[in-house]
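**Q** Here is my input, please return the structure:
(one chain, ligands or ions: 1)
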Amino acid sequence: MPLTGKEVAEHNSSKSCWVIVHGKAYDVTEFLPEHPGGTKIILKYAGKDATEEFEPIHPPDTLDKYLDQSKHLGDVDMETVKHEEKVETPEEKERQDRIARMPGLEQCYNLMDFEAVAKNVMKRTAWAYYSSGADDEITLRENHAAFHKIWFRPRILVDVEKVDFSTTMLGTKVDIPFYVTATALGKLGNPEGEVVLTRAARKHKVIQMIPTLASCSFDEIMDAAEGDQVQWMQLYVNKDRSITKKIVQHAESRGCKGLFLTVDAPQLGRREKDMRTKFTEAGSNIQSSSQTDNSQGAARAISSFIDPGLSWKDIPWFQSITKMPIILKGVQRVEDVIRAIESGVQGVVLSNHGGRQLDFARSGIEVLAEVMPVLRERGWENRIEIFVDGGVRRATDIIKALCLGAKGVGIGRPFLYAMSAYGQPGVERAMQLLKDEMEMNMRLIGCSSIDQLNPTLVDTRGLSAHYTGVPTDNLGLSVYDPLITPKEKA
Ligand SMILES: Cc1cc2c(cc1C)[n+](S(=O)(=O)[O-])c1c(=O)[nH]c(=O)nc-1n2C[C@H](O)[C@H](O)[C@H](O)COP(=O)(O)O
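**A** You can find the predicted model right below:
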């Protein structure tokens, strides 16, 4: 006999706390103190239907994985569940008004346009999670600003009537040298989540990297791919290696063509915009006497399983459990690229996690400029495939990276913003804009194919000039949200 809404509603305190998710009731009383997202956000839904809040943040198998079966109380007759009247807050009203006034998709002419629109139409928590960088967001801004320190030395009088910017990445032929990188919690921005990116990537023959912390399940994302569409897997390594082994071997059995081990996040960075928004959403209680909620925002809430003990000695174990090419994602200095080559992995991503981890880490493109001359000196430039991510917003950024020796680049936030503001058509347009820019800029620098891109076409003398502690950059300056408590919340 299913439980009634009334029976669940009686368990609405920290002494006895039941919640409903997807039509089933769960006793989370004992779990409360362990919830990485803090107790307050759960107690807000004690005795109620928490599905809407739960869905975007937690991969679908979360309750099966982390809540003992004895706490799974069974079905609820949802007809008997009273849903609180949704009162539209003034903030939500303003957001809906901005949505009504947002520009048509055809008025987005570049990837930054999607960011500008998304900032205005996304829910605060979603914007905070996607846009935030670590600490003072210096590296977040530097990632984008670094590309502005590289200038072109274009060739002239080269026949560029036909331009072909297709290439291969880990042996897969792609239309254009970028991939959709792993970014967690796709459902924060779009109710369908990461499968929106899958469908757009398929249309543009672009590879998608599936995040460990996706909102959609891994199999949902793999199932959304069609034909010979290629996907890679990004892995946060679990302290429990038997879980990791299961995930990796399942990914391989499903046809994943690359395993990207994230190596720059032994602990997730402090993304204060995310933390701040989570705190207010959970109901700030600084003034009240009760213990202040220790919620750390979405990021911390979902990453407590990550193993900070991951080290070089683990590489042989990964090589023993999978035949997939192994790529280290988040390498930030040439010494570790050399060590990666010596350890026999197939690639690295020079990346600082989109500025979300160590603040004052250098941009991936700057590290690339350090790495390639050293590898060339050793004759090792083709020993592994080198990717770069962070701050790529224009095809000229892609071209600069390839001129310096990258095989391809990863792009994160722009596709999240396009997906959040305009859904799949938005992501497809963003990818098409990059293709249009690529064709034009390849012509203008005098190259008709990817193999002609080389270091003589760029001037990187200014690249390592970190002339200001806080590089001025619209991308960064416009992302800080006002700190003043909104009127209605004061
Ligand atoms: C924007 C974003 C990036 C995340 C990301 C989530 C978001 C919203 N998440 S995170 O929650 O843990 O930080 C991941 C992740 O799951 N795993 C990972 O390897 N990189 C993660 N990254 C980093 C991402 O893979 C790229 O390194 C970064 O996004 C590239 O910079 P741009 O966003 O400027 O393109």
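**Q** where along the stretch 201-350 of the chain do the helices fall?
**A** 218-223, 241-253, 272-281, 297-301, 315-321, 334-343 (DSSP state H, counting those that start in this stretch).
**Q** what does the stretch 51-200 of the chain have sitting close to the ligand?
**A** Taking Cβ under 6 Å from any ligand atom as the contact definition, the stretch 51-200 of the chain meets the ligand at 129-130, 143, 181-184. Any C-beta I mention is one placed from the backbone N, CA and C, and that applies to glycine too.
**Q** ok, and the most crowded of these?
**A** Of all these, the highest neighbour tally under other Cβ atoms under 10 Å goes to residue 143, namely 32 neighbours.
**Q** distance of that one from residue 389?
**A** 9 Å (Cβ to Cβ, to the nearest Å).
**Q** Residue 382: which of the residues of the stretch 51-200 of the chain next to the ligand is nearest?
**A** Closest to residue 382 out of those is residue 181 (23.0 Å), distances taken as Cβ to Cβ.
**Q** is it true that the closest one touches residue 408?
**A** No - contact criterion Cβ atoms under 8 Å: residue 181 and residue 408 do not qualify, at 10.4 Å.
**Q** that older thread, please identify every residue contacting each of residue 143 and residue 389.
**A** 354, 364 (Cβ atoms under 8 Å, 6 or more residues apart in numbering).
**Q** re the thing from before, ok, and which of the helices of the stretch 201-350 of the chain has the densest surroundings?
**A** Comparing the helices of the stretch 201-350 of the chain by mean neighbour count (mean count of other Cβ atoms under 10 Å), helix 297-301 comes out on top with a mean of 24.
**Q** for stretch 392-412, the distance to its chain's centre please.
**A** 18 Å (Cα atoms, centre = their mean, to the nearest Å).
**Q** Next, the distance between the ends of that stretch.
**A** 8 Å (Cα to Cα, to the nearest Å).
**Q** what about it and the ligand, touching?
**A** Yes - Stretch 392-412 comes into contact with the ligand (Cβ under 6 Å from any ligand atom), by way of 392, 410-412.
**Q** And the helices of the stretch 201-350 of the chain, which one averages the lowest pLDDT?
**A** The weakest mean pLDDT among these belongs to helix 297-301, with a mean of 58.
**Q** now residue 18, what's its secondary structure?
**A** strand (DSSP: H, G, I helix; E, B strand; the rest coil).
**Q** Name the nearest residue to whichever residue of the stretch 1-150 of the chain sits closest to the ligand, ignoring sequence neighbours.
**A** Among the residues of the stretch 1-150 of the chain, residue 130 lies closest to the ligand, at 4.4 Å counting by Cβ to the nearest ligand atom. Closest residue to residue 130 apart from its sequence neighbours, by Cβ to Cβ, 6 or more residues apart in numbering: residue 416 at 5.0 Å.
**Q** hang on, the one you found in a helix?
**A** Yes - per three-state DSSP, residue 416 lies within a helix segment.
**Q** gap between the residue lying closest to residue 310 once chain neighbours are set aside and residue 262?
**A** When the adjacent residues along the chain are set aside, residue 310 lies closest to residue 237, with 4.9 Å between them (Cβ to Cβ, 6+ apart). From residue 237 over to residue 262 the distance is 8 Å, taken as Cβ to Cβ.
**Q** swap in residue 211?
**A** 9 Å.
**Q** how about residue 83, secondary structure?
**A** coil.
**Q** show me what contacts the nearest residue to it once chain neighbours are set aside?
**A** Sequence neighbours aside, residue 49 is the residue nearest to residue 83 in space, at 6.4 Å (criterion: Cβ to Cβ, 6+ apart). Contacts for residue 49 (Cβ under 8 Å, 6+ apart) come out as 19-21, 78, 81, 83.
**Q** Now with 10 Å, please.
**A** Going by Cβ atoms under 10 Å, 6 or more residues apart in numbering, residue 49 touches 5, 8, 19-23, 25, 76, 78, 81-84.
**Q** follow-up on the earlier one: next, format the helices of the stretch 201-350 of the chain as a markdown table and append distance to residue 115.
**A** Shown next, in a markdown table, are the helices of the stretch 201-350 of the chain (distance: least, Cβ to Cβ, whole Å):
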| stretch | distance to residue 115 |
| --- | --- |
| helix 218-223 | 24 |
| helix 241-253 | 31 |
| helix 272-281 | 14 |
| helix 297-301 | 19 |
| helix 315-321 | 35 |
| helix 334-343 | 30 |
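**Q** what's the closest of the ones you listed to the ligand?
**A** For the ligand, the closest of the helices of the stretch 201-350 of the chain is helix 297-301, at 5.5 Å, according to Cβ to the nearest ligand atom.
**Q** which residues do residue 211 and residue 262 both contact?
**A** Taking Cβ under 10 Å, 6+ apart as the criterion, residue 211 and residue 262 both touch 182, 234-236.
**Q** what would those residues look like in TSV with distance to residue 373 and pLDDT?
**A** TSV is the format used below for those (distance: Cβ to Cβ, whole Å; pLDDT from 0 to 100):
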residue	distance to residue 373	pLDDT
182	29	98
234	29	98
235	30	97
236	32	94
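**Q** May I ask which of the residues you listed has the most neighbours?
**A** residue 182 (26 neighbours).
**Q** Report the secondary structure state of that one.
**A** Residue 182 ends up coil, using three-state DSSP.
**Q** Does residue 362 touch residue 391 like I think?
**A** No - with contacts counted by Cβ atoms under 10 Å, residue 362 stays clear of residue 391, the gap being 11.6 Å.
**Q** where do the contact lists of the two overlap?
**A** 139, 142-143, 146, 352.
**Q** So which of those sit within helices?
**A** The helices, defined by DSSP state H, take in 139, 142-143, 146 from the shared contacts of residue 362 and residue 391.
**Q** of all the residues you listed, which comes closest to residue 370?
**A** For these, the nearest to residue 370 is residue 146 (12.1 Å; Cβ to Cβ).
**Q** show me the contacts for that closest one.
**A** Neighbours of residue 146 in contact, by Cβ under 10 Å, 6+ apart: 139, 362-369, 390-391, 397, 400, 460, 462-464, 466, 471, 473.
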